[in-house]
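S.K.: Quick check, what structure comes out for this input:
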Amino acid sequence: MHIINFQGRRRVGCGLGAPRATLTWAVLQVLAWFGVAGWGYAQAQAGVPDAQLIRAAYLYNFAKFTTWPDVPRRDGRLSLCVAGTDALTPALQALGGRLVRGRFIAVHPVRGADLPDTCQMLYVAASDVGRATALLRQARGLPLLTLSAQQGFAEAGGMVELTEVGGRTRFIINLGAARAVGLEISPSLLSLSEVVGH
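M.R.: I've put the predicted structure just below:
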């Protein structure tokens with residue numbers, strides 16, 4: 001799957017009086033493939049950039065194609081915790097309420113230095129470099145999928161690092177870190193990523 005190549009843009013609007021913030025044809029096709037085209041269109045109208053929509057859709061698919069160990073769920077929701085703010089966080093906030101394997105995503109901000117014990121996914125914003133090490137230390141041993149666009153995140157013990165190569169989103173997955181806490185990431189996602197720590 002080769003994503004984020006915005007040459008030859010074709011705009012998709014909704015008829016007369018459509019907002020100027022619309023999806024490119026390429027991005028619409030990608031979001032439709034992920035099953036989130038309607039969500040993506042709404043976020044585009046709200047001004048979320050194409051590249052961040054694609055990244056959020058990828059992270060949504062990490063939620064869909066990661067298997068957590070059989071641990072008790074407090075409220076039947078999949079809790080996505082977000083530490084800090086960067087270009088991706090508005091799109092991640094908008095994932096709240098999306099259905100993943102029979103559970104709705106609930107997005108929670110991480111305030112202060114302590115990691116909430118309800119998180120199943122943790123996104124550490126690129127702006128929150130100072131807390132990344134402390135949060136990863138707290139997450140150690142927990143069945144918690146950790147993600148960030150910070151350079152070197154996977155090498156530091158994070159599980160999914162978002163990066164960009166030639167204008168396309170790529171991932172570095174620390175498979176050893178994920179498996180050490182009982183998380184299994186689908187081979188279909190592994191095949192799209194650079195895998196380390198295995």
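S.K.: rest of the way, CA atoms for contacts and neighbours
M.R.: Noted.
S.K.: give the contact list for the nearest residue to Gln150 once chain neighbours are set aside.
M.R.: Distances taken as CA to CA, 6 or more residues apart in numbering place Ala126 nearest to Gln150, at 4.9 Å, with adjacent residues excluded. For Ala126, the contact set (CA atoms under 8 Å, 6 or more residues apart in numbering) comprises Gly84, Thr85, Asp86, Ser148, Ala149, Gln150.
S.K.: repeat for Gly176
M.R.: Counted by CA under 8 Å, 6+ apart, Gly176 has contacts Val196, Gly197, His198.
S.K.: Can I get those in a markdown table including neighbour count and secondary structure?
M.R.: Converted to a markdown table, these look like this (neighbours: other CA atoms under 10 Å; DSSP: H, G, I helix; E, B strand; the rest coil):
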| residue | neighbour count | secondary structure |
| --- | --- | --- |
| Val196 | 14 | strand |
| Gly197 | 14 | coil |
| His198 | 10 | coil |
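S.K.: ok, so of those residues, who is nearest Arg140?
M.R.: Among the contacts of Gly176, Gly197 lies closest to Arg140 (CA to CA), at 15.2 Å.
S.K.: In space, what's closest to that closest one - neighbours in sequence excluded?
M.R.: Gly176 (4.7 Å).
S.K.: Show the pLDDT at the one you found.
M.R.: Note on Gly176: pLDDT of 96.
S.K.: repeat for Gly141
M.R.: 92.
S.K.: hang on, the earlier thing: of the contacts of Ala126 - the most surrounded one?
M.R.: Ser148 (26 neighbours; other CA atoms under 10 Å).
S.K.: In this protein, where is pLDDT below threshold?
M.R.: 1-51, 71-75 (pLDDT under 70).
S.K.: Find the centremost residue of the chain, please.
M.R.: Nearest to the mean C-alpha position of the chain, by CA atoms, centre = their mean, lies Leu59 at 2.4 Å.
S.K.: now it, what's its secondary structure?
M.R.: Per DSSP: H, G, I helix; E, B strand; the rest coil, the secondary structure class of Leu59 is helix.
S.K.: Same check on Ala106?
M.R.: strand.
S.K.: for Arg111, what are its contacts?
M.R.: Ala83.
S.K.: That one and Tyr58, how far apart?
M.R.: Distance of Arg111 to Tyr58, computed by CA to CA, to the nearest Å: 25 Å.
S.K.: what's the answer for Gly102, then?
M.R.: From Gly102 to Tyr58 the distance is 18 Å (CA to CA).
S.K.: Have a look at those two and say which one is more surrounded.
M.R.: Tyr58 (20 against 11).
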